[in-house]
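[1] Mind folding the following:
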Amino acid sequence: MVAETDSVFAGSVPHIYDTILVPLIFEPYAKDLARRVAERSPNAVLETAAGSGVVTRALAPLLHGNTRYVVTDLNEPMLELAKHRQGADDRIEWRPADALDLPFEDSSFDAVCCQFGVMFFPDRIAGYREALRVLRPGGRFLFNSWDRIEENEFARVVTDALATALPHDPPRFLARTPHGYHDVRQIEAELRAAGFSEMEIVSVDHRSDAAEARIPALAYCQGTPLRNEIAERDPTALEALTVHAAEAIRREFGTGAVSGKIRAHVVSAVA
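    Residues are numbered from 1 along each chain as shown. Below is the predicted model:
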């Protein structure tokens with residue numbers, strides 16, 4: 001179950017998320033998702049849960065000049081950051097919007113895409129129904145979702161390290177939410193419950209590379225809502241626990257540059 005604080009990207013979190021976590025784990029999947037969306041030359045694209053705009057930056061250059069591209073997120077600070085990073089583009093409309101209650105007419109888009117956002121939906125079937133509703137017949141809903149935490153090495157090491165430091169109440173955000181929606185059978189069942197009947201799910205591996213161990217420790221501990229969980233347990237411990245997580249990464253991956261496996265599922269469902 002998604003906790004209320006799991007969707008809170010506030011304070012310094014958006015900046016650390018965008019400058020450190022995005023290049024660490026999100027960029028390769030954004031390029032992959034953008035390619036899948038663009039290969040069918042859609043005339044109208046909706047992006048939900050756009051975050052700081054990593055998919056937008058990858059996808060906009062691949063779309064033709066007359067494409068309508070609507071970029072949305074429920075978190076307005078993230079959307080403003082994405083808009084600022086993107087720069088001027090007359091094709092893009094920026095809209096604060098809830099993916100579970102989209103402010104668009106039926107059959108408005110040829111493609112709907114969502115980069116690592118469905119895990120945060122409080123009701124995924126409702127979100128999938130909304131994607132289906134706004135898609136034109138034959139349009140595609142494309143999204144990705146992280147595989148289980150054991151297949152994503154830095155996230156696993158950070159979670160385990162914090163569990164050793166806070167054994168009586170370990171922070172479980174990474175395992176619970178980003179990596180909590182990994183069962184392909186569940187994903188398929190929920191898509192079917194929402195009304196999709198044709199879909200493809202593939203697992204895609206990449207590497208997460210960093211110049212040193214503190215980078216992934218900082219990215220996860222301070223650039224995600226994991227920061228909120230740490231603050232709830234000890235508001236003074238953020239830096240010490242970031243150092244503790246970095247030491248755990250060094251023990252497993254060595255000093256100097258580090259590289260960890262990441263894996264996600266990429267989903268394409270046809271309206």
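[2] Enumerate every residue touching residue 188.
    For residue 188, the contacting residues are 199, 201, by C-beta atoms under 8 Å, 6 or more residues apart in numbering. Heads up, the C-betas are built off the backbone N, CA and C, glycines and all.
[3] same question, residue 165
    Taking C-beta under 8 Å, 6+ apart as the test, what residue 165 contacts is 241, 244.
[4] Rounded mean pLDDT for whichever strand or helix holds residue 55, please.
    In this structure, residue 55 sits in helix 54-59 according to DSSP states H and E. When the per-residue pLDDT values of helix 54-59 are averaged, the result is 98.
[5] That one packs against which elements?
    Using 3 or more C-beta pairs under 8 Å, 6 or more residues apart in numbering; DSSP states H and E, the elements in contact with helix 54-59 are helix 27-38, strand 44-48, strand 68-73, helix 76-86, strand 109-115.
[6] Residue 93: which of the ones you listed is closest?
    Of all these, the one in closest proximity to residue 93, counting by C-beta to C-beta, is strand 68-73 (4.7 Å).
[7] Which strands and helices lie in contact with the closest one?
    Based on contacts counted as 3+ C-beta pairs under 8 Å, 6+ apart, the elements that strand 68-73 packs against are strand 44-48, helix 54-59, helix 76-86, strand 92-96.
[8] what would the ones you listed look like in a markdown table with mean neighbour count and distance to residue 229?
    Converted to a markdown table, the helices and strands packed on strand 68-73 look like this (neighbours: other C-beta atoms under 10 Å; distance: least, C-beta to C-beta, whole Å):
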| stretch | mean neighbour count | distance to residue 229 |
| --- | --- | --- |
| strand 44-48 | 26 | 25 |
| helix 54-59 | 25 | 24 |
| helix 76-86 | 17 | 19 |
| strand 92-96 | 16 | 26 |
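[9] weakest of these in terms of mean pLDDT?
    Mean pLDDT is lowest for helix 76-86 out of those, coming in at a mean of 92.
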